[in-house]
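> generate coordinates for the sequence data below:
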Amino acid sequence: MKRALAAAALCLHAAAAIAAELPRGDAEKGKGIAAQVCAACHGADGNSPTPANPRLGGQIEEYTYKQLMNFKTLAGKKPERESPVMGAMAAGLSPEDMRNVAAYFASQKESQGQAKNKETVFFGRKLYRGGDAAKGLPACAGCHGADGSGIPVQYPRLAGQYAEYTSAQLKAFRDGQRTNDPNRMMRTIASRMNDKEIASVSDYIAGLR
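Model (predicted):
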């Protein structure tokens, strides 16, 4: 766990340095791009109406920008985060476009979800807030905040996110299908989680305010 926390601190420091060098996006310009490119799947304000697509309203700007860049094929190399749909969407966006879209979604009010499984919500809360020392599983709150609001500039906002989406991403990290986490941090954490733990913590996250 100490190694995981040390890696988290290192990533946070590095991300802060990178973000400090990036120009801020223009939310007003991003609004027009989002309406044309993103709204059909993620909603006009980023609050997706379906759990197949993540809620982006209120998401940390630097995180959304990073994900968009990771979906893009650059210099003929495979994208860091592979998705046929998002790869196609990102293909026509410049880095400036991505910064503007990220700024727009960050400026929107986040939607509120809810935990649905009363039988596992306390277990999910325990994992989120305290982790599991016996398994070397750190608390989610350590990086994503006690209320799930995230920690700029590296760790995304999770509060209110669809449980189905969070669960799918944790499993993708666990199975090595998603690999764009710095220093393999999320892959390492997810590899220590079973399906029940993933489902429980994902449901708890959905109800965070």
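> spatially nearest residue to residue 137, not counting backbone neighbours?
Beyond its immediate neighbours in the sequence, the residue positioned closest to residue 137 (CB to CB, 6 or more residues apart in numbering) is residue 131, lying 4.6 Å away. The way it works is simple: take the backbone N, C-alpha and C, and place the C-beta from them, glycine included.
> thought the one you found was touching residue 125?
No. With contact defined as CB atoms under 8 Å, residue 131 does not reach residue 125; the gap is 11.6 Å.
> coming back round to it: mind checking pLDDT for the residue nearest to residue 137?
Note for residue 131: predicted pLDDT of 98.
> try residue 111
85.
> okay, it and residue 201: tell me how far apart.
19 Å (CB to CB, to the nearest Å).
> which residue of the two possesses the greater neighbour count?
residue 201 (28 against 19; other CB atoms under 10 Å).
> give me the element that one is part of.
helix 195-206 (DSSP states H and E).
> and that helix, what's its mean pLDDT?
Computed over helix 195-206, the average pLDDT equals 98.
> what does stretch 66-76 give?
94.
> repeat that for stretch 137-155.
Per-residue scores along stretch 137-155 average to 95.
> that stretch: which residues count as buried?
137-145, 148-155 (16 or more other CB atoms under 10 Å).
> returning to that earlier point: how much space separates the residue nearest to residue 137 from residue 140?
7 Å.
> what do you get for residue 149?
Distance from residue 149 to residue 140, by CB to CB: 12 Å.
> OK, contacts around the residue most central in space within the chain?
Centroid-nearest residue in the chain, with CA atoms, centre = their mean: residue 156, separated by 4.6 Å. Residues near residue 156 by CB atoms under 8 Å, 6 or more residues apart in numbering: 59, 60, 63, 144, 150.
> same thing with residue 192?
132, 135, 136, 137.
> and those residues, which are buried?
For those, buried by 16+ other CB under 10 Å: residue 137.
> report the two of the contacts of residue 192 separated the most.
Farthest-apart pair in the contacts of residue 192 is 132 and 136; separation 7.8 Å (CB to CB).
> mind checking how far residue 144 is from residue 87?
Applying CB to CB to residue 144 and residue 87 gives a distance of 26 Å.
> domains in this structure, by residue range?
9-107, 113-206 (automatic domain parsing).
> and the longest one, how far from the chain's centre?
Translated: domain 9-107. 11 Å (CA atoms, centre = their mean, to the nearest Å).
> same check, this time on stretch 192-205
16 Å.
> just the buried positions in that stretch, please.
193, 197, 198, 199, 200, 201, 202, 203, 204, 205.
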